[in-house]
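Undergrad: Take this sequence and fold it.
(2 chains)
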Protein chains: 2
Amino acid sequence: MWRLYQFPLCPFSRKVRLLLSEKGVPYELWRENPWDAGDEFWALNPAGRTPVLHEADKNITLCDSRAICEYFEETVEKMPMINGTVASRAEIRRLVALFDENFYYDVTGPLLHERMKKRLILRQPPDSKALRQAMKMAHGHLDYMDYLIDTRPWLAGSTMSLADLTAAAQISVADYLGGIDWSGHEQTRGWYSVFKSRPSFRPLLSERMEVIQPPSHYGEIDG
Amino acid sequence: MWRLYQFPLCPFSRKVRLLLSEKGVPYELWRENPWDAGDEFWALNPAGRTPVLHEADKNITLCDSRAICEYFEETVEKMPMINGTVASRAEIRRLVALFDENFYYDVTGPLLHERMKKRLILRQPPDSKALRQAMKMAHGHLDYMDYLIDTRPWLAGSTMSLADLTAAAQISVADYLGGIDWSGHEQTRGWYSVFKSRPSFRPLLSERMEVIQPPSHYGEIDG
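TA: The predicted model follows:
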């Protein structure tokens, strides 16, 4: 069976978990904190990052969340997530990059630094200015998502795609860390509620990172 | 014709230029500095980053260097760059991410910040500690490349792939900015020399960013 090296608040691992669940690929979770990973993990992934997928029996190791998603898109037909014309596929991949890079850089990354890394590792208080800035940037990204959802049923077009899984993974971590103010974003909130009710999403919502607690609305489908 | 929005030292635009040249896709260059881009550019790419490829006649816009490369891999058969078995393709994409993310984060990004952004925009002197750290990290990455080239003809396997183009693009910018000390890296230096002599690479080596000059060995094939 595939073993997924991850930690509960890794947004890139969450994207892979959503994809594997939607496609019906069985896997087991293996907790790995990249900030204190051992030699075994570095040997699997010289980039030193989660997620990593490993299949010991077949001696296959997959690193990098986008490479992993492309691999399962190429090998598992069920629930295609990078689908349609070449233009549609380019649009899906553009949005995957937008959430993996811009949303992560502006919102999820700073929240993880202030609310997880400082608490668990650095033992420092969070910087309230950095938190305010991340929440402000989140509003900008949600505005853009509202615009997309106004014009399309799903973020990249007429069907659910890897763009939706990527955005939901990033938002779920930001929401866990109290960085999402949903007021004024009814379209995106509705889209996210649909996601929260999917069987693929339920396990993520019930997991907790030690010490750090999410706000009360986090795990509620209508929250 | 495709128009590529880029600036001379953008490593992600360089990767796309190498791919388009290798595949024989004609394009024109359009200079765009993301740090003072206008509304037209932001309308093309809400992520506000180069490269962007635009085809006005067909009204197609492609954003994100990986999405762009996948698009041309799917539409132009010549010189396949994400090739082989699903495992090979996953290995190519893993290394693309390693250079686009880790190498950029450790080496190219800090060098661009210290030697380009501070000079052209912030009007500050470079931080010599940050420069030393970037050069030290470059050594670590070149060690890993030496190891790969010891065991394989090309970075991801038996044929040239997008992994090689991505690494060459990042290294060329780092080398332009004086961040690569080639001593002790004969394998990678040999691999890079082969690259520098390719017709796809020559235009990059002769280009200059205003004000900032590369070291004398930069443009030489045996340099």
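Undergrad: how about A:Leu4, secondary structure?
TA: Following DSSP: H, G, I helix; E, B strand; the rest coil, A:Leu4 is assigned to strand.
Undergrad: Show me the shaky parts of chain A.
TA: A:223 (pLDDT under 70).
Undergrad: ok, which residues in it are in contact with chain B?
TA: Taking Cβ under 8 Å from any Cβ of the partner chain as the contact definition, chain A meets chain B at A:46-49, A:60, A:62-64, A:66-68, A:70-71, A:74-75, A:86-87, A:89-90, A:93-94, A:96-98, A:101-102, A:144. Backbone N, C-alpha and C define where each C-beta goes, glycine included.
Undergrad: Show me chain A divided up by domain.
TA: A:2-75, A:86-206 (automatic domain parsing).
Undergrad: Reformat those as TSV; add mean neighbour count.
TA: Converted to TSV, these look like this (neighbours: other Cβ atoms under 10 Å in any protein chain shown):
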stretch	mean neighbour count
domain A:2-75	19
domain A:86-206	19
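Undergrad: So which of these is nearest B:Gln124?
TA: domain A:86-206 (21.8 Å; Cβ to Cβ).
Undergrad: now the end-to-end length of that closest one.
TA: Between the start and the finish of domain A:86-206 there is a gap of 37 Å, counting by Cα to Cα, to the nearest Å.
Undergrad: Now do the closest residue to A:Leu20 other than its chain neighbours against B:Ser13, distance only.
TA: Sequence neighbours aside, A:Tyr27 is the residue nearest to A:Leu20 in space, at 5.3 Å (criterion: Cβ to Cβ, 6 or more residues apart in numbering or on different chains). Between A:Tyr27 and B:Ser13 the computed distance is 37 Å (Cβ to Cβ, to the nearest Å).
Undergrad: cool, A:Pro126 as well?
TA: A:Pro126 is 36 Å from B:Ser13, by Cβ to Cβ.
Undergrad: now swap in A:Val76 and tell me
TA: For A:Val76, the distance to B:Ser13 - Cβ to Cβ - is 33 Å.
Undergrad: ditto for A:Gly219
TA: Applying Cβ to Cβ to A:Gly219 and B:Ser13 gives a distance of 43 Å.
Undergrad: what are the phi and psi values for the residue nearest to A:Leu20?
TA: phi -160, psi 160 (degrees, to the nearest 10).
Undergrad: cool, and A:Thr61?
TA: The phi/psi pair for A:Thr61 (degrees, to the nearest 10) reads phi -120, psi 130.
Undergrad: same thing with the one 10 residues further on?
TA: The phi and psi values for A:Tyr71, taken as degrees, to the nearest 10, are phi -60, psi -50.
Undergrad: List the residues that contact the spatially most central residue of chain A.
TA: Chain A has A:Ala169 as the residue nearest its centroid, 2.5 Å off, counting by Cα atoms, centre = their mean. By Cβ atoms under 8 Å, 6 or more residues apart in numbering or on different chains, the contact set of A:Ala169 is A:11-12, A:14-15, A:18, A:99.
Undergrad: Need the distance between the two termini of stretch A:121-137.
TA: 25 Å.
Undergrad: I'd guessed the residue nearest to A:Leu20 sits against A:His54; true?
TA: No: with contact defined as Cβ atoms under 8 Å, A:Tyr27 does not reach A:His54; the gap is 10.0 Å.
Undergrad: Mind listing the shared neighbours of these two?
TA: A:2-3.
Undergrad: coming back round to it: check the offset of the helix or strand containing the residue nearest to the centre of chain A from the chain's centre.
TA: When secondary structure is defined by DSSP states H and E, A:Ala169 falls within helix A:162-176. Taking Cα atoms, centre = their mean, to the nearest Å, one finds the center of helix A:162-176 at 4 Å from the center of the full chain.
Undergrad: and what of stretch A:19-31?
TA: 14 Å.
Undergrad: From the centre of chain A, give me the residue that's furthest out.
TA: Max distance from the centre of chain A (Cα atoms, centre = their mean): A:Asp57, 27.6 Å.
Undergrad: Give me the distance between that one and A:Met1.
TA: 8 Å.
Undergrad: and if you look at A:Glu91?
TA: A:Glu91 is 33 Å from A:Met1, where distance means Cβ to Cβ.
Undergrad: Mind jotting down where the strands sit in chain A?
TA: A:2-6, A:27-31, A:52-55, A:60-63 (DSSP state E).
Undergrad: Just the CA atoms of the third one, as CSV, please.
TA: Meaning strand A:52-55. Extracted in CSV, the C-alpha atoms of strand A:52-55 (Å, rounded to 0.1, in the frame of the first residue of the first chain):
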residue,chain,number,x,y,z
VAL,A,52,6.1,12.0,-0.1
LEU,A,53,4.4,8.9,-1.3
HIS,A,54,6.2,5.6,-1.0
GLU,A,55,5.3,2.1,-2.0
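Undergrad: and that strand, what other elements does it pack with?
TA: When contacts are defined as 3 or more Cβ pairs under 8 Å, 6 or more residues apart in numbering or on different chains; DSSP states H and E, strand A:52-55 packs onto strand A:2-6, helix A:39-44, strand A:60-63.
Undergrad: Can you convert the ones you listed into TSV and add a column each for distance to A:Met116?
TA: Output for the helices and strands packed on strand A:52-55, formatted as TSV (distance: least, Cβ to Cβ, whole Å):
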stretch	distance to A:Met116
strand A:2-6	14
helix A:39-44	19
strand A:60-63	22
